[in-house]
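Trainee: can you look at this prediction? I've put the sequence above it.
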Amino acid sequence: MASDTPGAPRTADRPHRVVVLALDGLLPFELGIAQRIFGLARDEHGRRLYEVVTCSVRPPGPVATDADFEILVANGPEALATADTVVVPASYELGPVYEEGVLTGELAAALALVRPGTRLVAICTGGFVLAAAGYLDGRPATTHWASAEHFQRLFPKVRVDADVLFVDDGDVLTSAGVAAGIDLCVHIVRRDHGTAVANEVARRTVVPPHRDGGQAQYIERPVPDPQQASTTGARAWALGRLHEPIQLRDMAAQESMSVRTFTRRFREEVGVSPGQWLTRQRVERARHLLESTALSIDQVARDAGFGTAQSMRQHLQAALGVTPTGYRRTFRAELSTACGG
């Protein structure tokens, strides 16, 4: 039997089933995100960790896209009843869902098939569907920044945060548009199966292994001016010595910049301050070590650059809501379950 816990890892009898709901007017790129990211995730024996199925709100048949072609969907809405996770990608033809915040009859009937406890994921304006169904009432959520004000007006019970890439609220997750959907799906893989699996998926899809959900959606100058110096070298330098104390002036010196200029350029390129970025890299390093090694908590703290176990505990608690010991215990219990232990 598969676990009833939302986002439970693969069990011995079957992979976690992800059902993607294809709506008319869908964006082909965003429809393919779940298949690409979840479809690549494998355990240490090369077995699939997820099974990805695409369905429509109607019987099997063509679904219109925002491009000059249709896609043929082989599954009807009954597939939603089999899902462990449901993903709703963006659509440009949501009709009353986008205009009035009301589900169509066929969409309401389809969502009624979703089992209680199923994890729900929305990419971009797919969040309008979850909100219209009441799944986001009282919850934090995000959507594409260009639709955020309309989203909040239409659904005042939702706590909309237009400034983040994605929001993880446990069993309901939402993302901003396009690339943020990739970030969210990689985040889910990491949450389910740890950093090693997520990093391998990211490597094979040639995307960053981790962009924090709290990172800003819109960076003032996301592509550095080729005539100006970049902070890329300083970031690579810092990643190679996370276990050492790293001062802002040391990072700035790698690019021969003043601290003030480096800090401004860094924020323009990355979307967060150097200090925030460094802390996030150290948290990721600590997660990897807690998952993949038997090092003591004190040694993990030193190797990740936190210095002391207390400092690491505070940072992991703030970032993940769990202590280092609790994180290691939870991850290893899930890994044991996934391996049939």
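Mentor: Thanks, I have the structure now.

Trainee: dihedrals phi and psi, residue 62?
Mentor: Listed backbone geometry of residue 62 is phi -70, psi 150, with angles given as degrees, to the nearest 10.

Trainee: no no, residue 27
Mentor: Dihedral angles of residue 27 (phi, psi; degrees, to the nearest 10) stand at phi -90, psi 110.

Trainee: residue 92 is in contact with that one, correct?
Mentor: Yes: using Cβ atoms under 8 Å, residue 27 makes contact with residue 92 at a distance of 7.1 Å. Quick note: C-beta positions are derived from backbone N, CA and C, even for glycine.

Trainee: for those two, list the residues in contact with both.
Mentor: Listed as contacting both residue 27 and residue 92 by Cβ atoms under 8 Å, 6 or more residues apart in numbering are residue 66.

Trainee: between the two, tell me which one has more neighbours.
Mentor: residue 27 (22 against 14; other Cβ atoms under 10 Å).

Trainee: that one and residue 82, how far apart?
Mentor: Computed as Cβ to Cβ, to the nearest Å, the residue 27 to residue 82 distance reads 25 Å.

Trainee: if you average the pLDDT over stretch 139-159, what comes out?
Mentor: The pLDDT scores in stretch 139-159 average 95.

Trainee: could you do stretch 231-250 as well?
Mentor: Mean per-residue pLDDT for stretch 231-250: 94.

Trainee: next, give phi and psi for the nearest residue to residue 83 once chain neighbours are set aside.
Mentor: Nearest residue to residue 83, sequence neighbours excluded (Cβ to Cβ, 6 or more residues apart in numbering): residue 19, at 3.8 Å. Note on residue 19: its backbone torsions stand at phi -110, psi 120 [degrees, to the nearest 10].

Trainee: all the helices of the stretch 51-200 of the chain, in order from the start?
Mentor: For the stretch 51-200 of the chain, applying DSSP state H, counting those that start in this stretch gives helices covering 96-99, 105-111, 126-132, 148-154, 179-193, 195-205.

Trainee: adding distance to residue 42 and mean neighbour count as columns, could you present those helices in JSON lines?
Mentor: Converted to JSON lines, the helices of the stretch 51-200 of the chain look like this (distance: least, Cβ to Cβ, whole Å; neighbours: other Cβ atoms under 10 Å):
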{"stretch": "helix 96-99", "distance to residue 42": "36", "mean neighbour count": "16"}
{"stretch": "helix 105-111", "distance to residue 42": "30", "mean neighbour count": "16"}
{"stretch": "helix 126-132", "distance to residue 42": "26", "mean neighbour count": "27"}
{"stretch": "helix 148-154", "distance to residue 42": "36", "mean neighbour count": "16"}
{"stretch": "helix 179-193", "distance to residue 42": "9", "mean neighbour count": "24"}
{"stretch": "helix 195-205", "distance to residue 42": "7", "mean neighbour count": "18"}
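
Trainee: nearest to residue 244, of those?
Mentor: Comparison of the helices of the stretch 51-200 of the chain against residue 244 by Cβ to Cβ identifies helix 195-205 as nearest, at 21.0 Å.

Trainee: give me the angle between that closest one and helix 179-193.
Mentor: With axes from the mean of the first three to the mean of the last three Cα atoms, to 10 degrees as the basis, helix 195-205 and helix 179-193 are set at 150 degrees to each other.

Trainee: now helix 195-205: average pLDDT?
Mentor: For helix 195-205, the mean confidence score works out to 88.

Trainee: just checking, what packs against it?
Mentor: helix 28-40, helix 179-193, helix 274-292 (3 or more Cβ pairs under 8 Å, 6 or more residues apart in numbering; DSSP states H and E).

Trainee: tell me which strands and helices the first one is in contact with?
Mentor: Packed against helix 28-40, as judged by 3+ Cβ pairs under 8 Å, 6+ apart, are the following elements: strand 16-21, strand 50-55, strand 119-123, helix 179-193, helix 195-205.

Trainee: could you list the low-pLDDT ranges of this protein?
Mentor: Counting by pLDDT under 70, the chain shows low-confidence ranges at 1-13, 209-229, 331-341.

Trainee: what residues are up against residue 258?
Mentor: residue 252.

Trainee: number the residues from 568 up from this point.
Mentor: Taking 568 as the first residue, the last one we looked at is residue 825.

Trainee: re earlier: would you turn the helices and strands packed on helix 762-772 into TSV with distance to residue 716?
Mentor: Below are the helices and strands packed on helix 762-772 laid out as TSV (distance: least, Cβ to Cβ, whole Å):
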stretch	distance to residue 716
helix 595-607	21
helix 746-760	18
helix 841-859	26
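
Trainee: so which of these comes closest to residue 872?
Mentor: For the helices and strands packed on helix 762-772, proximity to residue 872 was assessed by Cβ to Cβ; helix 841-859 is nearest, at 4.8 Å.

Trainee: what's the burial count for residue 628?
Mentor: By other Cβ under 10 Å, 11 other residues sit near residue 628.

Trainee: just residue 680 next, same as before
Mentor: 18.

Trainee: could you double-check that it lies in contact with residue 649?
Mentor: No: assessed by Cβ under 8 Å, residue 680 is found out of contact with residue 649, at 9.1 Å.

Trainee: before we move on, back to that, out of the helices of the stretch 618-767 of the chain, which comes closest to residue 732?
Mentor: Ranking the helices of the stretch 618-767 of the chain by proximity to residue 732 (Cβ to Cβ) places helix 746-760 first, at 4.4 Å.

Trainee: what distance separates the closest one from the centre of its chain?
Mentor: From the chain centre to the centre of helix 746-760 is a distance of 3 Å (Cα atoms, centre = their mean, to the nearest Å).
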